[in-house]
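Participant: any chance you could fold what I've pasted below:
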Amino acid sequence: MILSLLALAVVLRPWLVFGVVFVTVFVALGVFLALGYDGFWQRAMALGRWYAARRPERAAALHARLDAFAMKWDAVLDRFPEGTVDGLYLPDFGEMAAAEARHDAALDRRFDRLRDPEA
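Facilitator: A predicted model of the protein is given here:
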């Protein structure tokens, strides 16, 4: 039913659909430019962790689909000359999560030493 309503909107009001898509892309680009590359993906990772904590089964399926998309996207970017599309590669979310976990563990160790300097 949703797909039929979307098809009907595309047929009857194509400029409305185009406008909604344009505004969404414009807002996402504005957020990306305001936060920067690292800030944008850090917040995307935080949103992903929140969703994984809330619905782990659906998050695992979503992660598998995103990983498949990232592999296809990397295959497309590999066709370009070296160094011309470096900014278009998607970040390695697994490595970002591991780096953040290492950072959190290091902070915990430092705070533990501050709380109990004798140990």
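Participant: can you tell me the element the residue most central in space within the chain falls in?
Facilitator: Taking C-alpha atoms, centre = their mean, the centroid of the chain lies closest to Ala44, which sits 4.3 Å from it. Assigned by DSSP states H and E, Ala44 belongs to helix 14-54.
Participant: so which elements touch that helix?
Facilitator: Other helices and strands packing on helix 14-54, by 3 or more C-beta pairs under 8 Å, 6 or more residues apart in numbering; DSSP states H and E, are helix 2-12, helix 56-77, helix 93-115. All C-beta spots, glycine's among them, are computed from the backbone N, C-alpha and C.
Participant: between helix 56-77 and that helix, find me the angle.
Facilitator: If you take axes from the mean of the first three to the mean of the last three C-alpha atoms, to 10 degrees, helix 14-54 sits at 120 degrees to helix 56-77.
Participant: rewinding a little: how far away is the residue nearest to the centre of the chain from Leu77?
Facilitator: Distance of Ala44 to Leu77, computed by C-beta to C-beta, to the nearest Å: 19 Å.
Participant: still on that earlier bit, any idea how far the residue nearest to the centre of the chain is from Phe32?
Facilitator: Per C-beta to C-beta, Ala44 is found 10 Å from Phe32.
Participant: cool, and Val23?
Facilitator: The separation that Val23 has from Phe32, given C-beta to C-beta, amounts to 15 Å.
Participant: who has more neighbours, these two?
Facilitator: Phe32 (14 against 10; other C-beta atoms under 10 Å).
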